[in-house]
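Visitor: Take this sequence and fold it.
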Amino acid sequence: MEKDGSGSFFNYLPEGCKLCYKGAKMVLFVTGICGRNCFYCPVSNERKEKDVVFANERRVENDDDLIEEAASMDALGTGITGGEPLLRLERVIHYIKLLKGKFGSSHHIHLYTALSPNKGVLESLGKAGLDEIRFHPSPDIWKNINRTYYRDSIHAAHNLGISTGIEIPCLHSDLGGILSMLLEVEGFLNLNELEFSETNACELKKRGFVPFDDVSSAARGSKEAASSLSGKKIHFCSSVFKDAVQLRERFKRIAKRTARDFDEITDDGTLVYAIIEGDCLSLLIDEGVTDDMYQVLQGSIETAWWIASDLSQELKNKGCSVSVIERYPMKKGMIVERTPI
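Guide: As a prediction, the model looks like this:
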């Protein structure tokens, strides 16, 4: 098994996961409607059982919102999730065609589903351009999955040329049936480290799960359960990877495309710059600050943090206030820290 610094390990990575490691995969949440009520579901109250669409953290109101978000991070692919995406099949097909049409056939698209769609549904997804499908059967059928409709769906997807696998949280369960069935279709198994969230914490605790420690959202024993497995095409994705590595790499991609000449990109992909509030434009010009190194806004000016720092005393003498800002790199990104100079 190959390992990374986040605690993830694998002997095989699906194409969708390879792009995720690069931060190049956009997450398209097509609906919060599901109805399954899985005890481990981490979906937030903002989205759970609500028919809303998000691209990464951005609410999607129209197709332009989706395309703009994908372009902002130079996305090389999209992961379609929910809720249950296939409860909005026409929406899913529309988005697949939209993304493929805009970014080309190489834009890799994978889809998560807890359903076992029939051949007709899978054909429509494949015709639209779906590259990869990840089935999410409920834990009560994992052991005997060969006797369920999932077997038919998985074989049908494979026969249609759609890369096929199963993605589930890593519980202390018998996965022998899943592994043997996946061998038949050369399918992959993605195991996600079980995580506590605001919406699932009570249910996890009822079942005896406890957090790994006081600062981690990971459930104790989930990683160890994955470590004990052996088989082909297994990938264990850690809580740390999802919360840190994946997000950081995506932020870096966005920052490279959105940073202004005077923004500094941090190792975490956030942007650092200074904001000057007050009448100070003439001072900056007199000091030789070129127009590519500042941006005039209503009532303030943004510039490089080091320029504002070097001129801080002069700016204060003119009655201006100066702060260094660190924020997420996307449009109207959240401010992480504001430090007065």
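
Visitor: isn't residue 168 right up against residue 192?
Guide: Yes: Residue 168 lies in contact with residue 192 (CB atoms under 8 Å); the separation is 7.2 Å. Backbone N, C-alpha and C define where each C-beta goes, glycine included.

Visitor: Do you have the strands of the stretch 1-150 of the chain handy? List them.
Guide: Remark: strands assigned in the stretch 1-150 of the chain by DSSP state E, counting those that start in this stretch are 2-3, 9-10, 25-31, 54-55, 58-59, 77-82, 108-113, 132-135.

Visitor: what's the second one packed up against?
Guide: Contacts of strand 9-10 with other secondary structure elements, assessed using 3 or more CB pairs under 8 Å, 6 or more residues apart in numbering; DSSP states H and E, are made with strand 2-3, strand 234-237.

Visitor: any idea which of those is most buried?
Guide: With neighbours taken as mean count of other CB atoms under 10 Å, the helices and strands packed on strand 9-10 reach their highest mean count in strand 234-237, at a mean of 22.

Visitor: now that one, how far from the centre of its chain.
Guide: For strand 234-237, the separation from the chain centroid amounts to 16 Å (computed by CA atoms, centre = their mean, to the nearest Å).

Visitor: repeat for stretch 175-182
Guide: Once both centres are worked out by CA atoms, centre = their mean, stretch 175-182 turns out to sit 27 Å from its chain's centre.

Visitor: For the protein, name the helix or strand with the lowest mean pLDDT.
Guide: Across the helices and strands of the chain, the lowest-confidence element by mean pLDDT, DSSP states H and E is strand 2-3, at a mean of 79.

Visitor: Please read off the pLDDT at the nearest residue to residue 240 once chain neighbours are set aside from the model.
Guide: Nearest non-adjacent residue to residue 240, counting by CB to CB, 6 or more residues apart in numbering: residue 6, 4.4 Å away. At residue 6, the pLDDT value in this model is 81.

Visitor: Kindly report the same for the one 3 residues further on.
Guide: Note for residue 9: predicted pLDDT of 91.

Visitor: Report the beta-bridge partner residues of it.
Guide: residue 3, residue 236 (DSSP bridges).

Visitor: Do I have it right that it meets residue 191?
Guide: No: here residue 9 does not reach residue 191: they are 9.8 Å apart, not a contact under CB under 8 Å.

Visitor: Looking at the two, which is more packed in?
Guide: Comparing residue 9 with residue 191 by neighbour count (other CB atoms under 10 Å), the higher total belongs to residue 191, at 25 against 18.

Visitor: Check which element follows the strand or helix carrying the more buried one along the chain.
Guide: Here residue 191, judged by DSSP states H and E, is contained in strand 188-193. Next helix or strand after strand 188-193 toward the C-terminus (DSSP H and E): helix 201-206.

Visitor: For the nearest residue to residue 309 once chain neighbours are set aside, grab the count of nearby residues.
Guide: Of all residues not flanking residue 309 in the chain, residue 341 sits nearest, at 6.0 Å (CB to CB, 6+ apart). Burial of residue 341 is recorded as 16 neighbouring residues (other CB under 10 Å).

Visitor: which ones are touching residue 341?
Guide: When contacts are counted by CB atoms under 8 Å, 6 or more residues apart in numbering, residue 341 touches 274, 308, 309, 312, 322, 323, 324.

Visitor: Quick check: closest non-adjacent residue to the fourth one.
Guide: Counting by CB to CB, 6+ apart, residue 341 is the residue found nearest to residue 312 once chain neighbours are left out, at 4.8 Å.

Visitor: Quickly list what's touching both of residue 9 and residue 191.
Guide: With contacts defined as CB under 8 Å, 6+ apart, the residues shared by residue 9 and residue 191 are 226, 235, 236.

Visitor: and these as a markdown table, adding pLDDT?
Guide: Output for the shared contacts of residue 9 and residue 191, formatted as a markdown table (pLDDT from 0 to 100):
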| residue | pLDDT |
| --- | --- |
| 226 | 88 |
| 235 | 95 |
| 236 | 94 |
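
Visitor: Mind putting those into a markdown table with distance to residue 69?
Guide: Shown next, in a markdown table, are these (distance: CB to CB, whole Å):
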| residue | distance to residue 69 |
| --- | --- |
| 226 | 32 |
| 235 | 26 |
| 236 | 29 |
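
Visitor: where exactly do the helices run in this structure?
Guide: Taking DSSP state H as the test, the helices found in the chain are 15-21, 63-72, 89-103, 119-128, 149-159, 176-184, 201-206, 222-227, 239-240, 246-258, 281-286, 305-310, 312-317.

Visitor: Distance from stretch 10-29 to the middle of the chain?
Guide: That offset, for stretch 10-29, works out to 9 Å (CA atoms, centre = their mean).
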